[in-house]
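[1] Sequence first, then the predicted structure:
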Amino acid sequence: MVNGKKIVLGVTGGIAAYKACTLTSRLTQAGADVKVVMTESAAKFVSPLTFQALSRNPVFTDTFDEKDPAKIAHIDLADWADLVLIAPATANIIGKMANGLADDMLSTMLLATQAPVYIAPAMNVHMYAHPAVIENMKTLEGWRYRFIEPGNGLLACGYVGKGRLEEPEAIVEVIKDDLNKRETTPTLKGKRVLVSAGPTKEKVDPVRYFTNHSSGKMGFAIASEAAKMGAEVTLVTGPVGLETPVGVRRIDVESAEQMYQAMLEQYEGKDIVIKAAAVADYRPALTYEEKMKKQPGAWTVEMERTKDILLELGKRKQSQYLVGFAAETTDPLEYGRKKLESKNLDAIVVNNIKTTGAGFGSDTNAVTYISKHGLEKTIELAAKTEVAKQLLVLIGSTMKDESR
Ligand code: PMT
């Protein structure tokens, strides 16, 4: 998996810089083309010439050392890389990356690259446990940087603990496994995906509202998995207590009317639209600005229909692959097929909410995916994240197959 890959190895200033020599050697032996970027401090531990000899490539140390006037070295290197690895990564480079600082060749190239970045830290045990370093690492993890944890043992500073750069062989194995996973995982790279999730809240007065049992878990799982598969994801959600998935743009709404407006605004230019939200079909016909006082006897609230968002999206469909959900209790497949047709959908995900562990609120779901050309696939009871993954793979493949 490493064979033929273009790898930029960033070496920063710590005693573990000597291990980066073995790492360069292991990577080139595995068939990678390695270009080394060193910080000024790294060059105090190991000579750039050592890396040049091991990688058979020039070593970069100075942002302003522009050897080829036709190129800007740090941008050229950032674009060239299939993968960037920083080993050893000091607390300083981690801090700079987490704060977007670019004051030398390595940090400037890191801001410019679109390639996946792996960080193998090495530092004193107390530095590694410092809240500033922990926060910076969390920030970077949130941006999908991948950390290769340091090992435990005797550190060069004399302390024993966590902070030793992982062994070069183990770093190469992590990279190989990851590349293998990336290349076998179906991708949604370049696709723009719009997902709706959660319930809607339909207000009666400042105290009371109508809603349903949707927790948003299914829609959030879809948004999260789509982002992991490389899509650019927008999530329109009703009121839920869930964290925004990494890499997802979130738009919060409350009522069915607000969800209608947001979905229509976001619809144009999307490749895939998935409506997992449980939108209220009815809302109070009258709403009150002041709290309604209790009265003796019953209170009848007249309800009126909300707009059917999915129906409207089906009418306005251009090139979007439109997927609805159907939460049913009786004859789920039959009702699902009817919704698929009447709302001009490309596919529908049928949820028999009477199945134990499926539907509203749970962490698991079981569904049947039906495409407009008659493909029917059942996804057995599994975690909503797993169901989301399988659904996205099905959507990706039916989109391709059925457009031929
Ligand atoms: O949120 P969770 O707790 O994880 O639960 C997940 C879920 C059960 C809510 C989800 O898997 C699901 O089934 N969502 C659809 C629920 C639903 O409202 O089904 P429906 O059959 O009433 O609606 C059919 C489709 O029309 C849905 O895609 C819905 O978003 C859409 N709709 C409905 C009403 C309306 N006014 N506008 C709509 O767009």
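    Thanks, I have the structure now.
[2] A helix includes Val34, no?
    No: membership of Val34 in a helix is not supported by DSSP: H, G, I helix; E, B strand; the rest coil, which gives strand.
[3] Do you know the pLDDT at the closest residue to it other than its chain neighbours?
    Of all residues not flanking Val34 in the chain, Ser55 sits nearest, at 4.4 Å (Cβ to Cβ, 6 or more residues apart in numbering). Heads up, the C-betas are built off the backbone N, CA and C, glycines and all. Note on Ser55: pLDDT of 98.
[4] what about Ser55, neighbour count?
    21 (other Cβ atoms under 10 Å).
[5] With the one 10 residues further on instead?
    Other residues within reach of Asp65 by the criterion other Cβ under 10 Å amount to 10.
[6] That one: which element?
    In the assignment (DSSP states H and E), Asp65 maps to no helix and no strand.
[7] Same check on the one 3 residues further on?
    For Asp68, there is no host helix or strand (DSSP H and E).
[8] which residues touch it?
    The neighbours of Asp68, taking Cβ atoms under 8 Å, 6 or more residues apart in numbering as the test, are Asp76.
[9] Against Leu333, how distant is it?
    Relative to Leu333, Asp68 is positioned 63 Å away (Cβ to Cβ, to the nearest Å).
[10] what about the stretch 151-300 of the chain, any weak spots by pLDDT?
    Scanning the stretch 151-300 of the chain for pLDDT under 70 picks out no residues.
[11] near the ligand, which residues of it?
    198, 214-218, 256, 275-279, 281 (Cβ under 6 Å from any ligand atom).
[12] what's around the nearest residue to Glu169 once chain neighbours are set aside, how many residues?
    Ranked by Cβ to Cβ, 6+ apart and with sequence neighbours excluded, the top spatial neighbour of Glu169 is Arg26, at 6.4 Å. When counting by other Cβ under 10 Å, one arrives at 19 neighbours for Arg26.
[13] name the element Arg26 belongs to?
    In the assignment (DSSP H and E), Arg26 maps to helix 17-29.
[14] to the chain's geometric centre, what's the distance from that helix?
    When distances are taken as Cα atoms, centre = their mean, to the nearest Å, helix 17-29 is centred 31 Å away from the chain's centroid.
[15] for the record, mean pLDDT for it?
    Helix 17-29 shows an average pLDDT of 97 in the prediction.
[16] how much space between the residue of the stretch 1-150 of the chain found nearest the ligand and Ala81?
    Residue nearest to the ligand within the stretch 1-150 of the chain: Gly142 (23.3 Å; Cβ to the nearest ligand atom). Separation of Gly142 from Ala81 (Cβ to Cβ): 22 Å.
[17] Please say which of those two ends up with more neighbours.
    Between Gly142 and Ala81, counted using other Cβ under 10 Å, Ala81 has the larger neighbour count: 22 against 11.
[18] Which parts of the protein belong to which domain?
    Here the domain parsing of the chain from automatic domain parsing is 6-184, 192-288+296-402.
[19] quick one on the thing from earlier: excluding its own residues, what touches the helix holding Arg26? List them.
    By Cβ under 8 Å, 6+ apart, helix 17-29 touches 2, 7, 9, 11, 34, 36, 42, 45-46, 50-51, 54-56, 85, 87-88, 165, 167-169, 171-172.
[20] For Arg56, list the residues it contacts.
    Shown in contact with Arg56 (Cβ under 8 Å, 6+ apart): Thr28.
[21] Just the helices from the protein, written as ranges.
    Secondary structure of the chain (DSSP state H): helices located at 17-29, 42-45, 48-55, 73-80, 91-98, 105-112, 125-128, 131-142, 168-184, 217-228, 256-267, 309-315, 332-342, 384-402.
[22] Just name the most buried of these.
    Neighbour counts (mean count of other Cβ atoms under 10 Å) averaged over each of these peak at helix 217-228, with a mean of 26.
[23] what angle do it and helix 384-402 make?
    Interaxial angle, helix 217-228 versus helix 384-402 (axes from the mean of the first three to the mean of the last three Cα atoms, to 10 degrees): 60 degrees.
[24] Mind checking the helices of the chain for the one nearest to Ala298?
    helix 256-267 (25.6 Å; Cβ to Cβ).
[25] From the contact counts, what lies against that closest one?
    Packing contacts for helix 256-267, counted by 3 or more Cβ pairs under 8 Å, 6 or more residues apart in numbering; DSSP states H and E, involve strand 192-197, strand 232-237, strand 272-275, helix 309-315.
[26] swap the cut-off to 7 Å and go again
    Judged by 3 or more Cβ pairs under 7 Å, 6 or more residues apart in numbering; DSSP states H and E, the packing partners of helix 256-267 are strand 192-197, strand 232-237, helix 309-315.
[27] List the pairing partners of the second one within its sheet, with orientation.
    When you say that, I think you mean strand 232-237. strand 192-197 (parallel), strand 248-252 (parallel) (DSSP bridges).
[28] Need those strands in JSON lines (columns: mean neighbour count and distance to Val125).
    Converted to JSON lines, those look like this (neighbours: other Cβ atoms under 10 Å; distance: least, Cβ to Cβ, whole Å):
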{"stretch": "strand 192-197", "mean neighbour count": "26", "distance to Val125": "42"}
{"stretch": "strand 248-252", "mean neighbour count": "16", "distance to Val125": "35"}
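[29] Now tabulate these in JSON lines and tack on distance to Arg305.
    JSON lines is the format used below for the strands paired with strand 232-237 (distance: least, Cβ to Cβ, whole Å):
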{"stretch": "strand 192-197", "distance to Arg305": "18"}
{"stretch": "strand 248-252", "distance to Arg305": "24"}
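[30] Tell me which of these sits nearest to Gln266.
    strand 192-197 (5.2 Å).
[31] Show me the contact partners of that closest one.
    Contacting residues not belonging to strand 192-197 are listed as 216, 218-220, 222-223, 226, 231-237, 259, 263, 266-267, 269-277 [Cβ atoms under 7 Å, 6 or more residues apart in numbering].
[32] same deal with stretch 248-260?
    Stretch 248-260 has contacts (Cβ under 7 Å, 6+ apart) with 196, 200-202, 223-224, 227, 233-239, 244, 262, 277, 279-280, 283, 306-307, 309.
[33] Thanks a lot, see you next time.
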